[in-house]
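Visitor: build the 3D model from these lines:
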Amino acid sequence: MKTVSQDEKDITPQSILFACNHNAVRSVMAEGIARYLLGSKVEVESCGVRASDVNPFVIAAMEEIGINVSDHQSRRFSELERTDFDVIISLTPEAQHQAVEFTRASDVRVFYWPTHDPTLAMGNRTQIMEAFRDVRDRLTEQIRSFFEVLPSPNA
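Guide: Okay, here's the model as predicted:
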């Protein structure tokens, strides 16, 4: 897990965008977790370099912690209605490249959080679910640390 510097902790954004490759796994989890932990204090969205259906294991893993992402509509950077995010956090190298291009003419802080792709997990359903839970839990801790959010009783 990435260590968060004091400069990064000093951020108090009004809007956050999480980005990954397909807006179907990692960025969906991060958006759901951030909305849950940060509440209405911060506007949170997500996107991908490409769009795809939300992975069913994401829906199951998030339901385990009381977050419903089943109605998430995947979208690409080019489909975003707004471009004035305070912070963009990319979770994959491809999304990081796209985020840098997306913000070339903007004053946006872009961070890269390398995040394992749980869809690469092999094995039975239980083993695959464990990979998704691991990514979910790591993202939860990273978001808590980055934004100094106290653990909620449900997560």
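
Visitor: for this structure, what are the low-confidence residue spans?
Guide: 1-12, 149-155 (pLDDT under 70).

Visitor: helices of that one, start to end?
Guide: Listed in chain order, the helices found in the chain under DSSP state H are 6-9, 26-38, 56-63, 93-102, 125-147.

Visitor: of all those helices, which one is nearest residue 110?
Guide: Relative to residue 110, the nearest member of these by Cβ to Cβ is helix 93-102, separated by 5.0 Å. For glycine as for every other residue, the C-beta is placed from the backbone atoms N, C-alpha and C.

Visitor: now the closest one: buried residues?
Guide: By neighbour count with 16 or more other Cβ atoms under 10 Å, helix 93-102 contains the buried residues 94-96, 98-99, 102.

Visitor: which non-adjacent residue is nearest the residue nearest to the spatial centre of the chain?
Guide: In the chain, the centroid-proximal residue (Cα atoms, centre = their mean) is residue 30; its distance is 2.6 Å. Once flanking residues are discounted, residue 30 sits nearest to residue 18: 4.0 Å by Cβ to Cβ, 6 or more residues apart in numbering.
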